[in-house]
Every structure is written in C-alpha cells, then in structure tokens.
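Visitor: Just to be clear, the model below is a prediction. Sequence and coordinates:
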Amino acid sequence: MQLSLGPVLYNWAPDRWRDFYFRIADEAPIDVVSVGEIVCSKRSPFFAPHLPDVVERLQSAGKQVLLGSLILVSLRRERRQTEQLAAAEGVLVEVNDLTCLRALAGRPHAIGPFVNIYNEASAAFHAARGARRICLPPELPLASVATIARAVPDVTIEMFAFGRVPLAISARCYHARLHKLAKDNCRFVCEQDPDGLLLNTLEQQDFLAVNGVQTLSHTCANLLGDAGILRDSNVGSLRLSPQDCDMVAVARTFRDVLDGRDDVDGGNRRLAAAYPGVPFSNGFLWAEPGHVYRRAQSADAQIGTLPTP
C-alpha cells in the first residue's frame with residue numbers, strides 16, 4: 001500500500017513551507033506528494049517562487065508529484081490560474097474543483113478528496129475521462145469505499161488517513177471576520193494559526209478548526225488501525241495531511257505498521273507522541289459520527305459489521 005502526502009492546507013511561512021517539503025523529500029517514506037496552494041488563491045504568490053525547487057527536490061528523491069488545483073474557483077484570476085496549472089507538463093494535476101476538468105481535456109490526472117465522488121458511477125465517470133488516482137471524500141463509509149474501489153480496478157483509490165478532516169469551503173473568510181477585517185484586506189491573519197484556529201461550542205466543548213475560508217474537524221483522522229481492511233477493500237494508498245507536527249515521524253509510523261515492523265497499538269502511541277493533545281477519529285469510515293474513534297478489531301469482526309452503502 002502506498003503512502004501519499006496531501007498539500008499543506010495552512011498558511012505557513014514560505015521558507016517553512018519550502019523546508020517542510022525538502023525534509024519530506026529527504027527523509028519521509030512517502031510515495032506520492034501533492035503540492036500547491038489549494039485553499040486560498042491569495043496565498044499562492046508567497047509559495048510560487050519556491051514551487052519549482054520543491055517539485056525538483058521531491059522528484060529527485062523518487063517521489064511522484066501532483067499539483068493541486070484550488071478547492072473553490074470563483075474569480076476570473078482563479079480560472080486563469082487553473083488553466084495555467086492544467087497546462088503544466090511532467091506532473092499530474094490533482095483536481096479539487098470540477099472547473100479544472102475542462103482545462104485538462106481528458107489528459108491523465110488525479111482527483112482530490114474535495115470532489116464529490118460518492119458512488120461507483122461517479123468514479124467510473126471520472127476514470128473514463130482520465131482519472132488515474134482518486135482520493136475519496138473522507139466522510140464515506142467503508143462499504144461505499146469498497147464498492148467504488150471494485151468498480152474502477154485500474155484506478156488507485158486513496159483514503160484520507162491522517163490529519164484534521166476537511167469538512168467545508170466557503171467564499172467567506174472566517175479568519176478575517178474574526179479579526180474584524182474584510183476578506184480583500186485580510187492581512188493574512190490565518191498565518192497566526194499554523195494548525196488551524198480551534199473553535200468551541202457555547203458549552204466550551206471542542207468542536208471545529210478554521211483555516212481561512214476552510215472548515216476542518218477538531219479531531220485528527222487516524223485510519224492506521226483500519227489499514228488492513230482498507231487494503232482488503234482494494235484501497236491502494238493512504239493520504240497523510242500535513243499538520244503542525246513532525247510529519248516525517250508520522251509517515252515512518254504508518255510505513256512501519258503497514259510493513260509489519262510495528263503493531264497498531266505501538267503505532268498509535270507513536271502518533272499520539274508526534275501530534276499530542278489532538279484526539280483521534282475514524283467515525284466516518286464506520287458510518288458513525290465523524291468525531292468518534294473506533295479502535296481496530298480483527299478483520300473478520302470488521303467485515304461482519306460493515307454498514308450497507
């Protein structure tokens with residue numbers, strides 16, 4: 001089973017962003033890396049000067065590189081950026097908004113977890129139009145994942161396996177509004193929260209995290225204990241989403257458990273140490289509330305309780 005790394009969702013300092021990918025290239029047992037600003041187009045100019053060096057470093061390390069498109073395209077300049085991205089050569093584009101499909105004109109590409117592929121018909125539709133990899137939406141239950149994976153055997157099916165779960169995208173910027181700023185004059189206040197801005201309910205219970213125009217879960221998805229049954233369900237790759245923690249340690253933990261050098265309990269202890277203070281969750285996979293964490297069972301017990309799609 002492959003390990004992939006999704007794009008950085010947060011507004012990190014450009015030098016930190018570059019150095020993060022350089023370390024991933026040199027030290028992390030990652031097979032596929034998606035790069036590029038996909039949340040807010042206003043951030044793109046800060047990272048653009050480093051992008052060629054990052055792509056070259058990753059490719060030189062033997063990793064496949066995907067260029068991610070914006071999740072939400074709403075402005076003319078964003079449409080132009082998407083068209084320019086689709087024209088890139090030597091790398092696969094990862095589609096996060098259907099606006100990008102027309103510009104790709106059927107060329108091979110990947111599909112990110114922000115495109116609503118909820119059944120086998122939609123997966124087959126995209127496969128027929130050039131999709132070679134599909135990262136399914138993180139809210140899908142396992143039975144649906146298995147059904148989709150069987151329907152497109154020539155496509156690498158990927159699952160969001162680690163990180164705060166992306167839940168929604170908006171044209172409004174919550175970070176700017178919180179600081180009493182307009183979106184067009186946001187002063188990039190989202191950079192103050194490199195792991196998202198945590199939100200509580202009125203009862204002071206942990207609830208969500210905000211990242212500019214994006215809403216994320218408070219909990220951290222962790223499908224490490226579910227990797228075996230996902231592999232048996234024809235899932236070919238697990239996606240790790242960069243968080244404000246040691247992602248090299250996270251990647252090594254997943255690789256060690258997948259390859260049998262560590263067990264799930266030991267791996268979970270290592271993940272908790274690498275990303276302390278953030279509860280795990282995998283409820284979506286088991287058709288339960290997304291914030292729930294269901295501990296790994298035997299494969300036979302899991303198969304016996306598969307929810308119906």
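Guide: Okay, I see it. Numbers count the residues shown, from 1 in each chain.
Visitor: Let me know whether S233 touches A146 as I believe.
Guide: Yes: using CB atoms under 8 Å, S233 is in contact with A146, at 3.8 Å. From N, CA and C alone the C-beta is placed, and that goes for glycine too.
Visitor: Flag the shaky bits of this protein, pLDDT-wise.
Guide: 296-309 (pLDDT under 70).
Visitor: go again using 50 as the cut-off
Guide: 298-309 (pLDDT under 50).
Visitor: what sits against N211?
Guide: 9-11, 39, 175, 190, 193, 196-197 (CB atoms under 8 Å, 6 or more residues apart in numbering).
Visitor: Which of these ranks first by neighbour count?
Guide: C190 (27 neighbours; other CB atoms under 10 Å).
Visitor: Now do the helices in the stretch 101-250 of the chain.
Guide: Using DSSP state H, counting those that start in this stretch, the helices of the stretch 101-250 of the chain run over 120-128, 142-151, 174-178, 227-232, 247-258.
Visitor: For the lengthiest helix in the chain, name the packing helices and strands.
Guide: As assigned by DSSP state H, the longest helix anywhere in the chain is helix 14-27. Here helix 14-27 touches strand 32-35, helix 44-47, helix 51-60, helix 247-258, going by 3 or more CB pairs under 8 Å, 6 or more residues apart in numbering; DSSP states H and E.
Visitor: one more time with 6 Å
Guide: Secondary-structure packing of helix 14-27 (3 or more CB pairs under 6 Å, 6 or more residues apart in numbering; DSSP states H and E): helix 44-47, helix 51-60.
Visitor: wouldn't S217 be in contact with V165 here?
Guide: Yes: taking contacts as CB atoms under 6 Å, S217 lies within contact range of V165: 4.0 Å.
Visitor: which one of the helices and strands packed on helix 14-27 lies closest to V213?
Guide: helix 44-47 (13.6 Å; CB to CB).
Visitor: Can you list the buried residues in the closest one?
Guide: Buried residues in helix 44-47, defined by neighbour count with 16 or more other CB atoms under 10 Å: 44, 46-47.
Visitor: same question, stretch 168-177
Guide: Using 16+ other CB under 10 Å as the test for burial, stretch 168-177 gives 169, 173-176.
Visitor: And the strands in this structure?
Guide: Ranges of strands in the chain, per DSSP state E, are 2-5, 32-35, 64-68, 92-95, 109-111, 131-135, 156-169, 197-200, 206-211, 214-222, 237-240, 280-281.
Visitor: What pairs with the shortest one, parallel or antiparallel?
Guide: Same thing as strand 280-281. strand 214-222 (parallel) (DSSP bridges).
Visitor: that older thread, turn the helices and strands packed on helix 14-27 into TSV, including distance to F254.
Guide: Output for the helices and strands packed on helix 14-27, formatted as TSV (distance: least, CB to CB, whole Å):
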stretch	distance to F254
helix 44-47	26
helix 51-60	18
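Visitor: and V95, which of those is closest to it?
Guide: Short answer: helix 44-47, nearest of those by CB to CB, at 16.9 Å.
Visitor: quick one: that closest one to chain centroid distance?
Guide: Centroid separation for helix 44-47 versus its chain: 20 Å, with CA atoms, centre = their mean, to the nearest Å.
Visitor: Provide the contact partners of it at residue level.
Guide: 14, 17, 37 (CB atoms under 6 Å, 6 or more residues apart in numbering).
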